[in-house]
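Asker: give me a model of this one.
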Amino acid sequence: MSEQQKKKKLTRRQREIQRQRLKRRRRRRVTVMVVEIIILCLLSVTVFALFKLGKLNHTSISNVKNNGLKQTGYTNVALFGLDSRGSDLGKGNRSDTIMIASINNETKEVKLVSVYRDTLLKQNGEHYDKANAAYSVGGPETAVNMLNENLDLDIEDYVAVNFLALADVVDMVDGINIDMTHDEVVHMNNYCVETSKVTGKKYKKIVPEKAGNYRLNGVQAVSYARIRYTEGGDYKRTERQRLVLEKVMNKLKKQDLVTINKIIDKVMPEVSTSFSTKEILQLATGIFDYTLEDTQGFPTDLETPEKISGYTGSYIVPKGLEENVIKLHKFLFVDESYTPTDKLQEISNTLMDMTEIYPSSDDGSDET
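Answerer: Coordinates of the predicted model:
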């Protein structure tokens, strides 16, 4: 091989090596660009979420107390629906709706419990009053402590909303379908008058007033959830509230990101919570994996005495607070090995002494 041929062969080899190097560099540049785009997208989403969350009314509850129990593997949250006509979601507002949402951190299953607002429970570690008095007197922290003390729970966070928030969400998911009785239609139409004034939203009266399946808008759904004056009273009312919440959750799962974004913009200012931004983002990562497994009211065994010495008005009294809380823990925490705390037993005994209402005996008769 001549010297000139050797040079040409070497040149071709060098060019090939150079081409390979250029290809590797391009691949590295493309890889880096893709990674950068992914990082930018993640940062954009995070910044967007932080911007949205900044619209929340964040209230720290730093003095939360409980009876020393821990429901491992679960996140328990207090939910308060406030009889609020304005943007103030702090103390001074009655919590017409009191719920406990218990999230199984592994399965993402959610259970809801409505605590009847007229239930006679210990307040602020001192006196006894209706459950809904706690939020009005001391705000969310006092209300959370009331639930922890009387139910042996370890709730650390809360979410509170007013009438307008629920009405807005229902309207933005194009309403919810509800089966209603004749009486429910009549009472809902009556409640709509006030709800419309409070929220500034319109509605269409259902006529004729007869039983059926109806698509309810925001005003109608809130009014439906407020009905008390049918058979079942407050117990049936809390069932309606849980049904509305379940219907809304199912509709939210079907919305596109544009609609979700609009809902966030609209509703965030109407929500108060103790969750930090980090905690909200952690919960939100699996938001569409959550399923509402079951719901119930508390207490399950109760009486509504005509009179309680030293008290005026109507009250709901557990037929043995301790026995009712044991059933509550079986419902919420299937695998939990639960023994009522001394604190709970003390409250339960005091309620029995005050009201002379006792747990049912095995044969179905009441102990006296």
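
Asker: state the helix or strand in which the residue nearest the centre of the chain lies.
Answerer: Central residue of the chain (C-alpha atoms, centre = their mean): Leu79, 5.0 Å from the mean position. Using DSSP states H and E, Leu79 falls within strand 74-82.

Asker: contacts for that strand, please.
Answerer: Applying C-beta atoms under 8 Å, 6 or more residues apart in numbering, the external contacts of strand 74-82 come out as 89, 93-105, 135, 140, 143-144, 147, 153-163, 166, 241, 283, 332-333. C-beta coordinates here come from the backbone N, C-alpha and C atoms, glycine included.

Asker: out of those residues, list just those in helices.
Answerer: Among the contacts of strand 74-82, the members found in helices (DSSP state H) are Tyr135, Pro140, Ala143, Val144, Leu147, Phe163, Leu166, Gln241, Leu283, Leu332.

Asker: ok, these vs Thr72, which is closest?
Answerer: Set against Thr72, the nearest of these by C-beta to C-beta is Leu332 (12.7 Å).

Asker: measure the closest one to Ile155 for me?
Answerer: Plainly put, Leu332 is 11 Å away from Ile155 if you go by C-beta to C-beta, to the nearest Å.

Asker: give the residues shared as contacts by those two.
Answerer: Listed as contacting both Leu332 and Ile155 by C-beta under 8 Å, 6+ apart are Asn76, Ile100.

Asker: just to be sure, Leu214 is in a strand?
Answerer: Small correction: residue 214 is Tyr, not Leu. Yes - counting by DSSP: H, G, I helix; E, B strand; the rest coil, Tyr214 is found in a strand.

Asker: pretty sure it is touching Val207, no?
Answerer: No - using C-beta atoms under 8 Å, Tyr214 makes no contact with Val207, being 11.6 Å away.

Asker: show me where pLDDT drops low in the stretch 251-368 of the chain?
Answerer: By pLDDT under 70, the weakly predicted segments of the stretch 251-368 of the chain are 284-288, 362-368.

Asker: is the residue nearest to the centre of the chain bridged to anything, and to what?
Answerer: With DSSP bridges as the criterion, Leu79 is bridged to Met99, Val159.

Asker: likewise Tyr128?
Answerer: Per DSSP bridges, the residues bridged to Tyr128 are Lys122.

Asker: how close does it sit to Leu147?
Answerer: For Tyr128, the distance to Leu147 (C-beta to C-beta) stands at 15 Å.

Asker: who has more neighbours, the two?
Answerer: Applying other C-beta atoms under 10 Å to Tyr128 and Leu147 shows that Leu147 carries more neighbours, namely 24 against 19.

Asker: spit out the contact partners of that one.
Answerer: Contact partners of Leu147, counting by C-beta under 8 Å, 6+ apart, are Ala78, Ile98, Ile100, Val115, Leu153, Ile155.

Asker: where along the chain do the strands fall?
Answerer: Along the chain, counting by DSSP state E, strands occupy 57-58, 74-82, 95-104, 109-115, 120-123, 127-130, 157-161, 176-180, 212-216, 271-273, 291-298, 302-303, 317-318.

Asker: so how far is the last one off the chain centroid?
Answerer: With C-alpha atoms, centre = their mean, to the nearest Å as the basis, the distance from the averaged C-alpha position of strand 317-318 to the chain average is 25 Å.

Asker: which elements pack onto that strand?
Answerer: Judged by 3 or more C-beta pairs under 8 Å, 6 or more residues apart in numbering; DSSP states H and E, strand 317-318 is in contact with strand 302-303, helix 342-355.

Asker: next up, the contacts around the nearest residue to Glu246 once chain neighbours are set aside.
Answerer: The shortest distance from Glu246 to any non-neighbouring residue, by C-beta to C-beta, 6 or more residues apart in numbering, is to Leu292 (5.3 Å). Applying C-beta under 8 Å, 6+ apart to Leu292 gives the contacts Val110, Lys111, Leu112, Leu245, Glu246, Met249.

Asker: give me the PyMOL select line for the residues you listed, limited to the buried ones.
Answerer: Here is the PyMOL selection string for the buried members of the contacts of Leu292, based on 16 or more other C-beta atoms under 10 Å:
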select buried, resi 110+111+112+245
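
Asker: now the end-to-end length of stretch 157-177.
Answerer: 31 Å (C-alpha to C-alpha, to the nearest Å).

Asker: ah, wrong one, I meant stretch 319-339
Answerer: By C-alpha to C-alpha, the extent of stretch 319-339 from end to end equals 18 Å.

Asker: distance check, Asn261 against Thr181.
Answerer: Distance from Asn261 to Thr181, by C-beta to C-beta: 37 Å.

Asker: for Asp294, list each beta-bridge partner.
Answerer: Applying DSSP bridges to Asp294, the residues it is bridged with are Lys111.

Asker: gap between it and Asp301?
Answerer: Shown here: Asp294 relative to Asp301, a distance of 18 Å by C-beta to C-beta.

Asker: repeat for Val64
Answerer: For Val64, the distance to Asp301 - C-beta to C-beta - is 28 Å.

Asker: between these two, which is the more surrounded one?
Answerer: Higher neighbour count among Val64 and Asp301: Val64, with 16 against 12, using other C-beta under 10 Å.

Asker: ok, that one touching Leu153?
Answerer: No - here Val64 lies out of contact with Leu153, judged by C-beta under 8 Å, at a distance of 10.7 Å.
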